[in-house]
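# have a look; sequence and predicted model below, questions after that.
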Amino acid sequence: MIKYWFHPFNIFWLLFFIGIAALLMKKENFYIPLFILAACWFFLSTNYLIPKLLISQLENKYSPYTSKISKDTSVYNIVVLGAGFTENKKLPFNDQLSPSALSRLIEGIRIYNLHPKSKLIVSGPGFEGEISQGEVFKKVAVSLGIDSSSINIINTATNTYEEAKKYTEKFGKDSQVILVTSSYHMPRAMTMFEHNGIKPVPAPTDFKFKNNKFSPMLFFPSIENMHYVQIAIIEYTGLVYAKWFLF
């Protein structure tokens, strides 16, 4: 519901259509402020600065994972959180994963290669009788050279809170955990895992703002910026929900 109703584009059209309704009813005191508010919202949500500010606050909290030891023999559970996929038997499994999911898996495999005695734990649900995202993750990882015996699946968790809970139930709290997820999602994921008694090493990936070079084109309206605002709304709402309602 948050993803749909709090999408900046839907908020813009909601304000606009309420303004149209007020205009048709000749409610001048309503439609003029609504049109101004819709225009301001469109400008703010499509402008580069607002989403960059919101997302950067999330992305910069944790640094990318690095290992100081080449081929470290320490044993970790490398947990890769789900991020969506679309089942299509005409496509190879890697193309069925969403861009964020594929980015997370590649990072998980990179870290696994640094710690080859570790376990790769992939997460993601599916509909009953159909392949789950966790299984797609595993098939892609195997196709990229990871031994299937080194991969475990969590395929019954539908959100980050459940992923943390199911991990604890299945693997306990004693193992060393490296948590792989999108950089903007990492603060919420760390909160969920820490609440379940696990203190993972963060391994953020899928960074959205990689280029800090200035360009005038950055200030042109962009639907992509609206998408980033939506991501920020979801993550900040999730953090507030976890703090005030879950815990």
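Yes, it's here.

# CA only for contacts and neighbour counts going forward, please
OK.

# and the gap between the residue sitting furthest away from the middle of the chain and Leu34?
If you look at how far each residue of the chain sits from its centre, by CA atoms, centre = their mean, the farthest one is Lys26, at 43.7 Å. As judged by CA to CA, to the nearest Å, Lys26 and Leu34 stand 13 Å apart.

# shared neighbours of these two, which are they?
Here Lys26 and Leu34 share no contacting residue, scored by CA atoms under 8 Å, 6 or more residues apart in numbering.

# figure out the helix or strand that Asn94 lives in.
Under the criterion of DSSP states H and E, Asn94 resides in helix 93-96.

# what's the pLDDT at the residue farthest from the centre of the chain?
At Lys26, the pLDDT value in this model is 81.

# kindly provide the distance from it to Gly19.
Lys26 is 10 Å from Gly19, by CA to CA.

# could you tell me how many residues sit around Met25?
The criterion is other CA atoms under 10 Å. On that basis, Met25 has 11 neighbouring residues.

# ok, now how distant is Met25 from Thr66?
Distance, Met25 to Thr66, using CA to CA: 61 Å.

# how near is the nearest residue to Pro204 once chain neighbours are set aside to Phe16?
Once its chain neighbours are removed from consideration, Pro204 has its nearest residue in Ser183; the separation is 4.4 Å (CA to CA, 6 or more residues apart in numbering). From Ser183 over to Phe16 the distance is 33 Å, taken as CA to CA.

# the more surrounded of these two?
When neighbours are counted by other CA under 10 Å, Ser183 and Phe16 differ, and Ser183 comes out ahead with 25 against 19.

# the more buried one: what's it in contact with?
Ser183 is in contact with 58-60, 62, 204-207, counting by CA under 8 Å, 6+ apart.

# the same query, at a cut-off of 6 Å, please.
Contacts for Ser183 were tallied using CA atoms under 6 Å, 6 or more residues apart in numbering; they are 59, 204-205, 207.

# can you redo those as a markdown table with pLDDT and neighbour count?
Shown next, in a markdown table, are these (pLDDT from 0 to 100; neighbours: other CA atoms under 10 Å):
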| residue | pLDDT | neighbour count |
| --- | --- | --- |
| Glu59 | 94 | 23 |
| Pro204 | 97 | 26 |
| Thr205 | 97 | 25 |
| Phe207 | 95 | 16 |
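
# take the residues you listed and keep only those in helices.
For the contacts of Ser183, membership in helices holds for Glu59, with DSSP state H as the criterion.

# which of the contacts of Ser183 lies closest to Ala83?
Sorting these by how near they are to Ala83, with CA to CA, puts Thr205 at the top with 12.2 Å.
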